[in-house]
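In: only geometry, no sequence info:
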Ligand SMILES: CC(C)(COP(=O)(O)OP(=O)(O)OC[C@H]1O[C@@H](n2cnc3c(N)ncnc32)[C@H](O)[C@@H]1OP(=O)(O)O)[C@@H](O)C(=O)NCCC(=O)NCCS
């Protein structure tokens with residue numbers, strides 16, 4: 001274990017240090033599994049989409065130089081870590097741990113009872129740190145990629161869903177998934193530039209950008225599950241994307257369960273990334 005940097009201070013982000021945050025984020029994620037190109041707009045957009053607040057962001061600094069950050073997003077009694085990063089030269093000296101502990105303290109003081117976060121399967125260094133801090137894996141989310149296909153039948157014809165219907169169906173069908181995805185802001189953001197369809201018991205959102213297609217959300221109400229509604233909606237979405245001339249389709253953050261696995265196999269989709277959700281009760 002490296003020497004603990006006693007001199008590293010953890011401070012609240014002030015608006016005039018937003019530039020520091022962007023620089024730290026860019027450097028900390030430059031060697032990441034998915035490199036992130038940060039900017040003020042990128043960060044502010046992200047905060048908006050997850051319902052975050054700048055006042056809970058913390059910076060780690062060494063004599064005025066910002067070397068790490070953490071972005072805890074608080075929602076009532078729950079919080080979610082919307083990002084943590086330490087610039088490469090300052091790693092392995094306890095800065096990440098210090099940021100996590102400070103974020104936990106901030107959350108506790110605000111009445112938060114549990115914290116969740118997601119770590120990409122394979123980011124062992126980060127996962128080890130979370131485990132040492134008492135987090136444990138709760139479930140996995142998959143992202144997958146495949147090709148659109150034209151299906152002749154997909155059950156009842158879906159109808160265009162209005163914005164308020166999407167919000168309602170999303171809230172009900174994602175009730176038990178990671179709280180981040182229950183956030184209305186994320187749905188509102190995705191719904192712009194996407195098409196939304198509903199059937200009795202479920203909905204799907206479809207987006208095409210030139211030859212790339214996305215299915216940002218697909219949800220089935222708890223009481224309507226195991227009746228093939230999810231598969232029918234997926235078939236509908238893949239057919240629509242085929243009609244739109246899309247070559248490849250990406251699917252994000254679906255729960256890793258047997259049903260989903262079967263659906264991905266049936267459509268010949270390949271898993272591109274797994275995320276491990278980890279949780280800690282405070
Ligand atoms: C993950 C990340 C934030 C960890 O930050 P860090 O400052 O290196 O974390 P720490 O120093 O607290 O702990 C990391 C290692 O340092 C060791 N360490 C050294 N001195 C330490 C000290 N005084 N206190 C605690 N740990 C110490 C730990 O044992 C740990 O070793 P291990 O990796 O062999 O398990 C950092 O690696 C990072 O920014 N990675 C890129 C972005 C990223 O992956 N973010 C997380 C996305 S989920």
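Out: Noted; the coordinates are in hand. What you see is a predicted model; the values in this text were computed from it and never measured.
In: the strand or helix carrying residue 96 near the ligand anywhere?
Out: Here residue 96 sits within helix 95-109, counting by DSSP states H and E. Yes: Helix 95-109 lies within reach of the ligand by C-beta under 6 Å from any ligand atom, at 95, 96, 97. Quick note: C-beta positions are derived from backbone N, CA and C, even for glycine.
In: show me how to select, in PyMOL, the buried members of the residues you listed.
Out: To isolate the buried members of these in PyMOL, using 16 or more other C-beta atoms under 10 Å:
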select buried, resi 95+96
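In: from the residues of helix 95-109 next to the ligand, which is closest to residue 159?
Out: residue 96 (48.1 Å; C-beta to C-beta).
In: which pLDDT value goes with that closest one?
Out: As predicted, residue 96 sits at a pLDDT of 98.
In: so who does residue 188 touch?
Out: For residue 188, the contacting residues are 163, 167, by C-beta atoms under 8 Å, 6 or more residues apart in numbering.
In: any idea how far the ligand is from it?
Out: 25 Å (C-beta to the nearest ligand atom, to the nearest Å).
In: residue 108 is in contact with residue 115, isn't it?
Out: No: in this structure, residue 108 is not within contact of residue 115 by C-beta atoms under 8 Å, at 9.5 Å.
In: residue 146 touches residue 268, doesn't it?
Out: Yes: the criterion here is C-beta under 8 Å, and residue 146 meets it with residue 268 at 5.8 Å.
In: among the two, which residue is more densely surrounded?
Out: More crowded of residue 146 and residue 268, by other C-beta atoms under 10 Å: residue 146, with 17 against 9.
In: identify the bridge partners of the more buried one.
Out: Residue 146 has these beta-bridge partners by DSSP bridges: residue 249.
In: quick revisit: can you work out which residues contact both of residue 108 and residue 115?
Out: residue 282.
In: more neighbours, these two?
Out: residue 115 (26 against 13).
In: now do the SS call for the more buried one.
Out: Here residue 115 is recorded as strand under DSSP: H, G, I helix; E, B strand; the rest coil.
In: who's in contact with it?
Out: Contacts of residue 115 by C-beta under 8 Å, 6+ apart are 72, 78, 79, 80, 81, 103, 104, 107, 135, 279, 280, 282.
In: right, and the helix or strand after the helix or strand of the chain with the lowest mean pLDDT?
Out: Every helix and strand in the chain was compared by mean pLDDT, DSSP states H and E; the lowest is helix 184-191, with a mean of 80. Moving toward the C-terminus from helix 184-191, the next helix or strand (DSSP H and E) is strand 195-199.
In: brilliant, that's me finished.
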